[in-house]
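**Student:** Would you be able to build a 3D model of this:
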Amino acid sequence: MHYVLCSSLTVGASGINVQNNIFDGCLDSMAYFAQAKKATEVLDDATNVAYLSFDNNNLLDSGPLLINGTGMNYSFTSSGRVNQCLTLSGTSSYVQITGLRRLGINDWPYTFAIWIYPKINSFGTIIYLSIEISPTTPTFSWCLPVMGFT
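**Tutor:** Predicted coordinates for the structure are as follows:
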């Protein structure tokens, strides 16, 4: 039996069982890089794993690996930082990209870059990571909030 380590990145709703743990606002773009970067290095280069601009009313990845997003209860508006943005508003609003093979492995640094415009900034999970290793049933899993309001 072959097990594959595969992590997911979710923006918006949370799988963590905390009341009112949602993000209510707009997102203009999202990227995942397979290395840690300095603020001056956050550019679209060879380490770009996924890039979702949320333009053209879709969740298509314009990065090199074409890891398209999926989601629920989201909409697009023209009021983004650059062009369009994605609007999440509700307990079951989220966008997710899967198949991030190196995410969650020791000594594999990473960087997330995201523009947000919160409507309410008193609480909410903006980004959380989750992983499950099993061909059929969850035998090992974890969930980690990476960015949010407290």
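**Student:** How about Asn48, nearest residue that isn't a chain neighbour?
**Tutor:** Gly63 (4.8 Å; C-beta to C-beta, 6 or more residues apart in numbering). (Each C-beta comes from the backbone N, C-alpha and C, glycine too.)
**Student:** Can you tell me how far the one you found is from Glu132?
**Tutor:** 23 Å (C-beta to C-beta, to the nearest Å).
**Student:** go on, Ser92?
**Tutor:** From Ser92 to Glu132 the distance is 20 Å (C-beta to C-beta).
**Student:** What of Asn106?
**Tutor:** 18 Å.
**Student:** Check Lys38 too.
**Tutor:** 32 Å.
**Student:** which of these two has more neighbours?
**Tutor:** Relative neighbour count places Glu132 above the other of Lys38 and Glu132, with 15 against 7, counting by other C-beta atoms under 10 Å.
**Student:** Now for the closest residue to that one other than its chain neighbours, how many residues are close by?
**Tutor:** Counting by C-beta to C-beta, 6+ apart, Glu132 lies nearest to Ser141, which is 4.4 Å off, once chain neighbours are set aside. For Ser141, the neighbour count with other C-beta under 10 Å is 11.
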